[in-house]
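Undergrad: fold the following, please.
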Amino acid sequence: MTNCIIIAILAVILVPGMRSSIKHFRGEGGCCGGSTYKARRKKLDTVIARKTFMVKGMSCQNCVNRVMEAVNSIDGASGIVHLKRGRVIVSMDRRIADTVIKNAIEGAGYTVTEVK
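TA: Numbering: from 1, shown residues only. The predicted model follows:
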């Protein structure tokens, strides 16, 4: 009887811990690095087009920073990341192929699921 109680207590403690660890290693957890750094918005003189990229795998401010830096590293593109909605709005001052932006986001470790 005592063994059953001890096993039940351990299960109550270990199961939630294992769940959060698995989520963390999948990149779905609370934070995957984090810091106080916040990526700066890139200003464009003129905007000729905007596209929305739906992105999976972002879970914290560090993810937002990585995606924003990836998009902003493209000449002529500026990105705004909406973490809760899982989307990146990219403003462009020239025509840029969707694949260039998609490759930059995926190169940062995230998955583009849709382009609008």
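Undergrad: and Asp98, what is it in contact with?
TA: Applying CB atoms under 8 Å, 6 or more residues apart in numbering to Asp98 gives the contacts 51, 115. In this view, the C-beta of every residue, glycine as well, is placed from N, C-alpha and C.
Undergrad: actually Val90, not the one I wrote
TA: 50-53, 71, 77-79, 96, 101.
Undergrad: let's see it at 10 Å
TA: By CB atoms under 10 Å, 6 or more residues apart in numbering, the contact list for Val90 reads 49-53, 71-72, 74, 77-81, 96, 98, 101, 104-105, 115.
Undergrad: which residues does it form beta bridges with?
TA: In this structure, Val90 bridges to Lys51, Gly79 when assessed by DSSP bridges.
Undergrad: likewise for Thr111?
TA: Thr111 forms beta bridges with Lys56, as assigned by DSSP bridges.
Undergrad: re earlier: in ChimeraX, select just the buried ones from the contacts of Val90.
TA: Selection of buried members from the contacts of Val90 for ChimeraX, criterion 16 or more other CB atoms under 10 Å:
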select :53,71,72,74,77,78,79,80,81,96,101,104,105
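Undergrad: Lys56: how many residues sit nearby?
TA: 12 (other CB atoms under 10 Å).
Undergrad: please apply the same query to the one 10 residues further on.
TA: Arg66 sits with 21 neighbouring residues when counted by other CB under 10 Å.
Undergrad: same deal with Val67?
TA: Applying other CB under 10 Å, I find that Val67 has 24 neighbouring residues.
Undergrad: let's verify the closest residue to it other than its chain neighbours: helix, strand, or coil?
TA: Nearest non-adjacent residue to Val67, counting by CB to CB, 6 or more residues apart in numbering: Val81, 5.1 Å away. What DSSP: H, G, I helix; E, B strand; the rest coil gives for Val81 is strand.
Undergrad: so who does Val81 touch?
TA: 39, 53, 55, 58, 61, 63-68, 70-71, 87-90, 105.
Undergrad: could you do Tyr37 as well?
TA: Applying CB under 10 Å, 6+ apart, we find Tyr37 in contact with 61-62, 65, 69.
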